[in-house]
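>>> here you go, sequence then predicted model.
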Amino acid sequence: MVESIARVRHIRVTPQKARRVVALIKGKQAQEALAILKFAQQSASEPIYKLVEAGIANAQVKADRDGEFLDEQDLYVKNAYVDEGTTLKRFQPRAQGRAFQIKKRTSHITVVLATPEVADAAPAAKTKKASK
């Protein structure tokens, strides 16, 4: 099983908006996730698209280093999450000498790609509990 991680930090996308896009691709195959992101209208889809591509490349390098065969069609998005990054604080002048604070939020986005595990052992038979 090959597992690769791709991260981008301090990206100028609010975490709330990035989480909406990340929710679209969780659990999908990597190629399907790229297709979804390519046609998603949200602005956060472009950096996440590049991140999934980087994860695919990382998996290929990791498989080559370990001497394993990797078919890119087997990769799927095992996990994807968005954490809040630093917030840039800016000020906008307002009437009568006041100042209005503007918060420009950033995100840390992580995508984990993996190949599905092959179960060698047969699943154990479940025992039924006696109901009272």
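Now that the structure is in, tell me what you want to look at. Numbering: from 1, shown residues only.
>>> tell me where the chain has strands.
3-11, 76-93, 99-114 (DSSP state E).
>>> out of those strands, which comes closest to Val52?
strand 99-114 (5.8 Å; CB to CB). Yep, even glycine has a C-beta here, placed from its N, CA and C like the rest.
>>> thought Pro47 was touching His108?
No - using CB atoms under 8 Å, Pro47 makes no contact with His108, being 11.5 Å away.
>>> common neighbours of these two, please.
The contact sets of Pro47 and His108 overlap at 8, 11 (CB atoms under 8 Å, 6 or more residues apart in numbering).
>>> that older thread, out of the strands of the chain, which comes closest to Glu53?
Comparing the strands of the chain under CB to CB, the one sitting nearest is strand 3-11, at 8.4 Å.
>>> that closest one pairs with which strands?
Strand 3-11 pairs in its sheet with strand 99-114 (antiparallel), by DSSP bridges.
>>> quick one: the strands of the chain as JSON lines, columns for mean pLDDT too.
Below are the strands of the chain laid out as JSON lines (pLDDT from 0 to 100):
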{"stretch": "strand 3-11", "mean pLDDT": "95"}
{"stretch": "strand 76-93", "mean pLDDT": "95"}
{"stretch": "strand 99-114", "mean pLDDT": "96"}
